[in-house]
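Q: Fold the following for me, if possible:
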Amino acid sequence: MRVLLDTVTFILAVQSPLGLPPKVVQILQNAGNLRELSAISLTEIAMKTATGKLTFSREAVLQGIADLELRLLAFTAQHALDLFRLPMHHRDPFDRQIIAQALAEDIPVVTCDQQFRLYKPLSVIW
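A: I've put the predicted structure just below:
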């Protein structure tokens, strides 16, 4: 199964894995799953770290990507253009970009953010 981790899910998986639901842990531990992280999440983490809203080093991000065996999903022009079609259920620009990616790629998002469920036909796992 191919899945896209939301930024919060990635941070929890790295910093507080015991706080993840068993279903998410199973997805992360199953080597048969293709686990992806959006390049948008890297931007979000870097920006929130720079503004002091988050403490997460570049090295911790790289180590988390390696430890979780994640593939990075580039944000393309097509993903950006798909933002024009998204309703404004969610105002967070990072989340909206991740939602657009997941819809364009037709992959479920692993997230605790209930707002993601408002975007049909997006599949949300938590």
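
Q: Once you drop chain neighbours, what's closest to Leu20?
A: Distances taken as CB to CB, 6 or more residues apart in numbering place Leu12 nearest to Leu20, at 5.7 Å, with adjacent residues excluded. C-beta coordinates here come from the backbone N, C-alpha and C atoms, glycine included.

Q: So which other helices or strands are in contact with the helix or strand encompassing the one you found?
A: Using DSSP states H and E, Leu12 falls within helix 7-15. Applying 3 or more CB pairs under 8 Å, 6 or more residues apart in numbering; DSSP states H and E, we find helix 7-15 packed against helix 22-29, helix 39-50, helix 58-67, helix 93-105.

Q: who's in contact with the second one?
A: Identification of contacts with helix 39-50 by CB atoms under 8 Å, 6 or more residues apart in numbering yields 5-7, 10-11, 54-58, 61, 72-75, 94, 97-98, 101.

Q: Filter those down to the buried ones.
A: By the neighbour-count criterion of 16 or more other CB atoms under 10 Å, the contacts of helix 39-50 include these buried positions: 5-7, 10-11, 56, 61, 73, 75, 94, 97-98, 101.

Q: which among those residues gets closest to Phe116?
A: Nearest to Phe116 among those: Asp6, at 7.3 Å, using CB to CB.

Q: Next, the contact list for the nearest residue to that closest one once chain neighbours are set aside, please.
A: Distances taken as CB to CB, 6+ apart put Thr111 closest to Asp6, at 3.5 Å, once the chain neighbours are dropped. Thr111 is in contact with 5-6, 8-9, 124-126, counting by CB under 8 Å, 6+ apart.

Q: Emit the PyMOL select command for whichever of those are buried.
A: In PyMOL, a selection of the buried entries from the contacts of Thr111 looks like this (16+ other CB under 10 Å):
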select buried, resi 5+6+9+124+125+126
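
Q: Can I get the contacts of Thr111 in CSV including distance to Phe116 and pLDDT?
A: Compiled in CSV, the contacts of Thr111 are given as follows (distance: CB to CB, whole Å; pLDDT from 0 to 100):
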residue, distance to Phe116, pLDDT
Leu5, 12, 98
Asp6, 7, 98
Val8, 11, 97
Thr9, 11, 98
Val124, 5, 98
Ile125, 10, 98
Trp126, 9, 97
